[in-house]
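A.B. asks: Sharing a sequence plus its predicted fold:
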Amino acid sequence: MKATKLVQILVLLPYVFILSNVNAQQQTFEPAAIWKDNNGIHINAHGGGVLYQKGTYYWFGEHKVEGSKGNTAQVGVHCYTSKDLYHWKDAGIALSVSDDPESDIVRGCIIERPKVIYNKRTRKYVMWFHLELKDKGYWAARAGLATADRPTGPYTFIKSLRPNAGKMPFYPSGIPVAEHINVEKPANNTDSIFCRDWKGGQMCRDMTLYVDDDGKAYHIFSSEENMTLHIAELDKSYTSHTGKFSRVYPGFQTEAPAIFKRNGKYYMIGSACTGWAPNAARLFVASSIYGPWKYEGNPCQGEGAGLTYGGQSTFILPVAGKKNAFIFMADKWQPKNAIDGRYIWLPITFKAEKPELSWADSWTLNSFGS
Ligand code: GLA
């Protein structure tokens with residue numbers, strides 16, 4: 001080899017090393033750091049959830065703008081796609097807010113925690129979200145529905161509603177009859193809220209969707225002034241509630257539900273109810289989706305555990321192709337500059353069948369094993 005060639009190689013070598021290292025750095029999850037999309041822009045999909053289909057992950061979330069105005073819906077629901085969970089491509093706005101002042105989703109309303117599931121029967125992509133009507137604070141507490149023919153949309157807004165009007169809860173065995181609600185004579189404050197909303201439909205705020213192995217889908221949401229969670233069955237098209245629902249720990253005030261199933265058991269991680277400020281996560285376990293759910297304490301371990309490392313749960317993502325590999329997805333909210341909200345994704349580990357979370361500055365899918 002000529003001396004000049006050797007010099008050229010030696011000069012280029014550090015660059016080759018730097019480039020390969022840059023690439024390596026992108027193959028990690030760095031909770032709460034800025035996470036850029038394919039255009040180099042911080043991913044804008046807060047309170048999100050992920051749909052997996054045919055080798056592609058679709059991440060849907062609230063598109064936030066700058067400042068506190070970003071706590072209202074100025075744009076809509078943003079979608080990103082990925083093949084490997086590390087690299088995300090901007091797929092645009094899946095559901096746009098409306099400019100029609102008569103629309104429930106007029107710009108300036110609040111659209112939170114959108115989740116999308118696919119209905120094999122109708123071949124529709126079904127999005128449910130928490131909707132608050134414009135200039136009405138958080139009092140409307142409605143469920144919004146939009147559907148699309150393609151995963152990335154565009155989604156068409158169909159309706160908003162208060163679920164399960166006129167319906168009574170389903171009580172899984174294990175809930176004593178004495179605790180069943182009597183509409184004529186509510187036993188406590190929580191039951192009174194349920195009864196207040198019985199005719200018009202139950203409140204729906206923080207929410208998620210879950211499709212079980214048998215194809216049945218459930219809408220899980222904070223209800224009754226956030227006093228409890230409802231686990232509500234959706235119909236075969238996933239676009240209506242069937243009227244069958246149970247309540248989880250009435251009076252315990254759980255928000256931000258995220259759910260997964262492992263070895264036939266259902267696990268739910270949620271938060272307490274302190275607005276945008278973080279609090280301790282809550283773990284619940286059940287052998288039936290309707291419960292009874294058993295509260296199992298805070299799944300977070302180590303430093304920062306008492307405040308869920310600054311985050312609040314939004315979704316639990318099963319990793320495709322890996323058995324029992326689940327990613328806990330949380331939001332680190334920045335209500336003063338909403339667009340700067342960060343994502344905390346952490347691997348769920350299991351100790352004696354109990355899910356646990358620990359902080360990691362950086363981690364990879366290899367932590368799940370093969
Ligand atoms: C909680 C909820 C969020 C949002 C804020 C508003 O953090 O989980 O989705 O509704 O309260 O304060």
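C.D. replies: Received, thanks.
A.B. asks: For Thr81, give the beta-bridge partners.
C.D. replies: Tyr58, Lys89 (DSSP bridges).
A.B. asks: wait, doesn't it sit right on His87?
C.D. replies: No: if you go by C-beta atoms under 8 Å, Thr81 and His87 don't touch, sitting 9.5 Å apart. Every C-beta, even on glycine, is put in place using the N, C-alpha and C of the backbone.
A.B. asks: From Ala256, how far out is the closest residue to the ligand within the chain?
C.D. replies: For the chain and the ligand, the shortest gap (C-beta to the nearest ligand atom) falls at Gly275, measuring 3.9 Å. Look at Gly275 and Ala256: by C-beta to C-beta, to the nearest Å, they are 11 Å apart.
A.B. asks: Looking at Thr81 and His87, which one has more neighbours?
C.D. replies: More crowded of Thr81 and His87, by other C-beta atoms under 10 Å: Thr81, with 18 against 14.
A.B. asks: residues in contact with the more buried one?
C.D. replies: Neighbouring residues of Thr81 by C-beta atoms under 8 Å, 6 or more residues apart in numbering: 56-59, 88-89, 91, 152.
A.B. asks: Give me the pLDDT value at the residue of the chain closest to the ligand.
C.D. replies: In this model, Gly275 is scored at 98, pLDDT.
A.B. asks: Which helix or strand contains Gly92?
C.D. replies: Element membership of Gly92 [criterion: DSSP states H and E] is strand 89-96.
A.B. asks: Run through who's touching that strand.
C.D. replies: 37-39, 41, 58, 60, 63, 75-82, 105, 111, 114, 116, 127, 129, 146, 148, 152-155, 157.
A.B. asks: out of those residues, which are inside strands?
C.D. replies: Mapping these onto strands (DSSP state E) picks out 58, 60, 76-82, 111, 114, 116, 127, 129, 146, 148, 157.
A.B. asks: nearest spatial neighbour of Lys236, skipping sequence neighbours?
C.D. replies: Arg121 (5.9 Å; C-beta to C-beta, 6 or more residues apart in numbering).
A.B. asks: surely the one you found meets Leu234?
C.D. replies: No: if you go by C-beta under 8 Å, Arg121 and Leu234 don't touch, sitting 11.9 Å apart.
A.B. asks: So between these two, which is more surrounded?
C.D. replies: The residue with more neighbours, out of Arg121 and Leu234, is Leu234; 23 against 9, by other C-beta under 10 Å.
A.B. asks: Tell me how many other residues crowd Ile259.
C.D. replies: 22.
A.B. asks: At the contact with the ligand, which residues of the stretch 1-150 of the chain appear?
C.D. replies: Listed as neighbours of the ligand in the stretch 1-150 of the chain under the rule C-beta under 6 Å from any ligand atom: 47, 112-113.
A.B. asks: ugh, wrong one, the stretch 251-370 of the chain
C.D. replies: 255-256, 275-276, 312.
A.B. asks: Now for these, which sits with the most neighbours around it?
C.D. replies: Of all those, the highest neighbour tally under other C-beta under 10 Å goes to Ala256, namely 28 neighbours.
A.B. asks: tell me which element that residue falls in.
C.D. replies: strand 255-262.
A.B. asks: So which residues of the stretch 1-150 of the chain form helices?
C.D. replies: Counting by DSSP state H, counting those that start in this stretch, residue ranges of the helices within the stretch 1-150 of the chain are 3-26.
A.B. asks: what stretches of it score poorly on pLDDT?
C.D. replies: Along the stretch 1-150 of the chain, segments meeting pLDDT under 70 span 1-26.
A.B. asks: count of neighbours near the closest residue to Pro347 other than its chain neighbours?
C.D. replies: Leaving out its chain neighbours, the residue that sits closest to Pro347 by C-beta to C-beta, 6+ apart is Ser367, at 5.1 Å. Neighbour count of Ser367, defined by other C-beta under 10 Å: 12.
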